[in-house]
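> Below are the sequence and a predicted model for it; my questions follow.
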Amino acid sequence: MRSRSILTAIEKFRLNVLSREDVPESFSSEVHKLTLAGGEKVYVKIPYNKDKLFRERQILEALKDILPVPKVLDFWEGDEKMTGALLLSAIPGVPCTEGVTEELSYQMGMYHAMLHEVNPPGYGHYAKDGFKFLDHKDWRLHIKDSFEKWKEDGKTILDPELYERAVLHFDGVFSVLPELDGPCLVHMDFRPGNLLVDGNKVVGLIDFESARGGSTEIDFTKMNRYSWRVNPRTKLAYRKGYESVRLMINLETVLPFYEFYDAFSAVVWCKNRGLEKNLAFLQENISTLRKSVSEPFSG
């Protein structure tokens, strides 16, 4: 199915392709790196659904003169058989999957703050027909409603004791969240793997299919998990970079909640996308949930 999709996209974009390789670390959408007959490198991204397709297109267009993001070279909105596809320029760099240095972390913080300085119309997301506001235009109500929707699936995967502790834990940590910092444009998956580097320089930001108008409180969890905990010194460098652009909220207040919230969401994501093929990711997030509910929260 994947091979048919990329062949369809190549045909729609009328590309003369010399070689093609899959991008293995793309967990949600299908991504292929193409070398064209003239030597140019491009990417074709086939999102999981049309919401992600239109969202990424509009956000990349909005950010093209603000941040180092891929250019949308062409766009196909799909048909009844296929979601559609984006043809994107290649930024000369590689995902930051190795160790994050303090110098890189400073730049990551700076670019993250620049992203958060972009003001969408409100709380919500970009869609085919414009910006779609959240119900009641209420970010915290959206967070609470999302958790309520996930509970049914979560109950079928988690052991009963962990599930019950998680439900009780949500109310405690949700109630102590600070004042909102938004609406801002939030990435929703801002982590080293979605930042392209060339040596010790950040050269690109990618994967905006889940980005939306939200509160910045939700956007630090992945950096905490994949960078700051691995090397605590990168957290201070990141903060300095971020605060060279804008003030940062109190992370110690929001991280415990959103680490828990993100892990619960990921467990449900694994169920919907296939437990067997996402087993390692499922176990990682169940472990995070267990740790979260075992730690006391400050009210």
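The structure has been received and is ready for your questions.
> Could you pull out the strands in the stretch 1-150 of the chain for me?
17-22, 30-36, 41-46, 72-76, 85-89, 94-95, 124-127, 130-133 (DSSP state E, counting those that start in this stretch).
> Strand 41-46 and the longest one, what's the angle between them?
Using axes from the mean of the first three to the mean of the last three C-alpha atoms, to 10 degrees, the direction of strand 30-36 lies 150 degrees away from that of strand 41-46.
> ditto for the fourth one
Computed with the same axes, to 10 degrees, the direction of strand 72-76 lies at 30 degrees from that of strand 41-46.
> got the angle for strand 72-76 vs strand 85-89?
Using the same axes, to 10 degrees: strand 72-76 against strand 85-89 is 170 degrees.
> can you pull the buried residues of strand 72-76?
V72, F75, W76 (16 or more other C-beta atoms under 10 Å). Where C-beta positions appear, they are placed from N, C-alpha and C, glycine not excepted.
> ditto for stretch 279-297
F281, L282, E284, N285, I286, T288, L289, S292, V293, F297.
> what's the answer for stretch 162-182, then?
162-163, 165-167, 169-170, 172-174, 177, 180-182.
> At the geometric centre of this structure, which residue sits there?
D189 (2.1 Å; C-alpha atoms, centre = their mean).
> What distance do you get for it to P120?
In this structure, D189 and P120 are 17 Å apart, going by C-beta to C-beta, to the nearest Å.
> Check L158 too.
L158 is 34 Å from P120, by C-beta to C-beta.
> cool, and I10?
For I10, the distance to P120 equals 33 Å [C-beta to C-beta].
> Count the residues that sit near E61.
Neighbour count for E61, taken as other C-beta atoms under 10 Å: 14.
> correction: E152
9.
> Spell out which helix or strand contains it, please.
Per DSSP states H and E, E152 falls inside helix 139-157.
> Could you dump the buried residues of strand 72-76 into JSON lines with distance to K64 and pLDDT added?
Converted to JSON lines, the buried residues of strand 72-76 look like this (distance: C-beta to C-beta, whole Å; pLDDT from 0 to 100):
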{"residue": "V72", "distance to K64": "8", "pLDDT": "98"}
{"residue": "F75", "distance to K64": "13", "pLDDT": "97"}
{"residue": "W76", "distance to K64": "19", "pLDDT": "97"}
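> just those now: which is nearest Y106?
Taking C-beta to C-beta as the measure, Y106 lies nearest V72 of the buried residues of strand 72-76, at 28.8 Å.
> can you pull up the bridge partners for that closest one?
When bridges are called by DSSP bridges, V72 pairs up with L88.
> Pop the domain breakdown of this structure in here.
With domains defined by automatic domain parsing, the chain comprises 2-90, 102-294.
> just so I know, which of these lies nearest C96?
So among these, domain 102-294 is nearest, using C-beta to C-beta, at 4.0 Å.
> What mean pLDDT does that closest one get?
The average pLDDT for domain 102-294 rounds to 95.
> Can you check the distance spanned by it, start to finish?
31 Å (C-alpha to C-alpha, to the nearest Å).
> now swap in stretch 220-240 and tell me
14 Å.
> Check stretch 208-222 too.
End-to-end for stretch 208-222, by C-alpha to C-alpha: 14 Å.
> just stretch 204-224 next, same as before
Stretch 204-224 end-to-end distance (C-alpha to C-alpha) = 20 Å.
> What of stretch 125-134?
8 Å.
> residues in contact with that stretch?
Residues from elsewhere that reach stretch 125-134 (C-beta atoms under 8 Å, 6 or more residues apart in numbering): 50-51, 54-55, 58-59, 77, 120-124, 141-142, 211-213.
> rewinding a little: quick one: the residue nearest to the centre of the chain and I206 touch, right?
No: counting by C-beta atoms under 8 Å, D189 does not reach I206; the two are 9.8 Å apart.
> from the buried residues of stretch 279-297, which ones fall inside helices?
Cross-referencing those against helices under DSSP state H gives F281, L282, E284, N285, I286, T288, L289, S292, V293.
> Could I get these in JSON lines, plus columns for distance to Y242?
Shown next, in JSON lines, are those (distance: C-beta to C-beta, whole Å):
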{"residue": "F281", "distance to Y242": "27"}
{"residue": "L282", "distance to Y242": "31"}
{"residue": "E284", "distance to Y242": "26"}
{"residue": "N285", "distance to Y242": "26"}
{"residue": "I286", "distance to Y242": "31"}
{"residue": "T288", "distance to Y242": "24"}
{"residue": "L289", "distance to Y242": "28"}
{"residue": "S292", "distance to Y242": "24"}
{"residue": "V293", "distance to Y242": "29"}
